[in-house]
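J.: sharing a model that was predicted from the sequence below.
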Amino acid sequence: MSAYQAFDNDKAIEYINNLGGMFPPDAQLNCYEFGDGNLNLVFRVTDQHNHSVILKQALPYARCVGESWPLTLDRARIEASALRRHGEVCPAHTVRVLHHNSEQAVTILEDLGHLNILRSELNAGRTFANLGRDVAHYLATTSFYHSDFYLTPANKKALIQSFTNPELCAITEELFFDDPYQDNERNHYPDALRKEVDKLRHNTGLKLAIAQLKQRFLSAPQALLHGDAHSGSLFVDDTTTKFIDPEFAFFGPIGFDLGSFIGNLLLNFCAQHGRICEASKRRDIHTYLLRTIDICLSEFDYQWQTLCEQHGTDNTLQAPGYAALFLRDVLQDAIGYCGSEMIRRTIGLAHVSDLDEIEDEQARLRAQRLALEVGEQLILNARSCHNKDACYQLIISVLQ
Ligand SMILES: Nc1ncnc2c1ncn2[C@@H]1O[C@H](COP(=O)(O)OP(=O)(O)O)[C@@H](O)[C@H]1O
Ligand SMILES: CSC[C@H]1O[C@H](OP(=O)(O)O)[C@H](O)[C@@H]1O
């Protein structure tokens, strides 16, 4: 098989058989497609002993929209390469790549089916004690080892080139920073939110802050990001936390991933108002989400500074106090991106089930209004946060 062709179940099995090495020679394979993401095909291939692998294939268009939205197959190469690089420095929290073929846009991955996607778990009211620490570990490690603090300038420039991801970045640039703040047919939200949406669009301070966030997203190649670090990109159980799906990976501002993750926890926080009726249970989940954010901010800050002290390679960047100064900007960016994730997931193209699946319409609207308000206040006040504690205090204050 050389020229690209989109797989069905039989083709996926044929590919794995021809490849060899994934299963014993006498394996009888079964396969089904179960992708529920916005972009790609995802097959599970299982043998008679219940051993399985995941075969992910990019389509030459965005699956959620169809052929009218063509999309580069190169995203599969970017995703597999990002997983390999992140897996080298943080194997505990990165799904393992078993094989990649850029021509077929195919990646074979370890099957994480014994874990669950974080978003569904949070929606069901389940909590994970290690989540904040594990995500901080992944974000700090993967970003530090792909930053100027560690890489040689020549290496970093070569990596920036190979992770140039213009089509996928354009999606984020438009969906995060353009669409929600102007009329666009891709946006969707109930008429009842019209007043709130208009208010956002007439807020000149907000639009200025969004312009700054977009500009940094466009022009700050600080480190190799995951690029789409939301709670649908995380598999979890009580002891394990693993990222999947970095096809939006590129060299960008480090705060983007941290902000996306925290933004998704806060979207879930807003959604709990419409999901859990029992006040004490709701309080428990709210407390858990805030505690996880606090741990994530603190651990990220601590681990980044420790990595700089112990493994920093650039003498000039090692100047006393510089890592802390750099981190202050990263945290401020994170708060801004967190707010913009909350807004775009509420009124833009790609929503989150946390909010959309709230059954009661009035409760859903209340949760959506809260998400917009919290998002707006975080964006407007991000630059007042001078350290991790100030970030956390700002989050607490805008939730009250
Ligand atoms: N390694 C994996 N193990 C088990 N299931 C997976 C794995 N990767 C993806 N999936 C399943 O496929 C779904 C879509 O995968 P994802 O990578 O998010 O696709 P997309 O790029 O289209 O968003 C996930 O929500 C998950 O249910
Ligand atoms: C047309 S892509 C929209 C949206 O989808 C991606 O998320 P997912 O991981 O669910 O595929 C990404 O967040 C994009 O912004």
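T.: On my side now, so go ahead. Ligands and ions are numbered 1, 2, ... in the order given.
J.: helix, strand, or coil at the residue nearest to residue 101 when sequence neighbours are not counted?
T.: Leaving aside its sequence neighbours, residue 101 sits nearest to residue 107 (Cβ to Cβ, 6 or more residues apart in numbering; 7.9 Å). From N, CA and C alone the C-beta is placed, and that goes for glycine too. Judged by DSSP: H, G, I helix; E, B strand; the rest coil, the three-state class of residue 107 is strand.
J.: distance of residue 107 relative to ligand 2?
T.: Residue 107 is 15 Å from ligand 2, where distance means Cβ to the nearest ligand atom, to the nearest Å.
J.: can I see the domain layout of this protein?
T.: Annotated domains of the chain cover 9-110, 116-399 [automatic domain parsing].
J.: return the most buried member of the ones you listed.
T.: Comparing the domains of the chain by mean neighbour count (mean count of other Cβ atoms under 10 Å), domain 116-399 ranks first with a mean of 19.
J.: just the helices from the stretch 51-200 of the chain, written as ranges.
T.: Secondary structure of the stretch 51-200 of the chain (DSSP state H, counting those that start in this stretch): helices at 74-89, 118-123, 131-144, 153-162, 166-172, 194-201.
J.: export the ones you listed as a markdown table, with columns for mean pLDDT and distance to residue 65.
T.: Output for the helices of the stretch 51-200 of the chain, formatted as a markdown table (pLDDT from 0 to 100; distance: least, Cβ to Cβ, whole Å):
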| stretch | mean pLDDT | distance to residue 65 |
| --- | --- | --- |
| helix 74-89 | 98 | 15 |
| helix 118-123 | 97 | 21 |
| helix 131-144 | 98 | 29 |
| helix 153-162 | 98 | 28 |
| helix 166-172 | 98 | 11 |
| helix 194-201 | 98 | 22 |
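J.: so who does the residue in the chain that ligand 1 sits nearest to touch?
T.: Using Cβ to the nearest ligand atom, the closest approach of the chain to ligand 1 is made by residue 37 at 2.0 Å. Listed by Cβ atoms under 8 Å, 6 or more residues apart in numbering, the contact set of residue 37 reads 63, 232, 245.
J.: quick one: pLDDT of the residue lying closest to the last one once chain neighbours are set aside?
T.: If the residues on either side of it in the chain are set aside, residue 245 comes closest to residue 233, at 4.6 Å by Cβ to Cβ, 6+ apart. Per-residue pLDDT puts residue 233 at 98.
J.: equivalent analysis for residue 274, please.
T.: Per the predicted model, pLDDT is 86 at residue 274.
J.: and for residue 1?
T.: Per the predicted model, pLDDT is 57 at residue 1.
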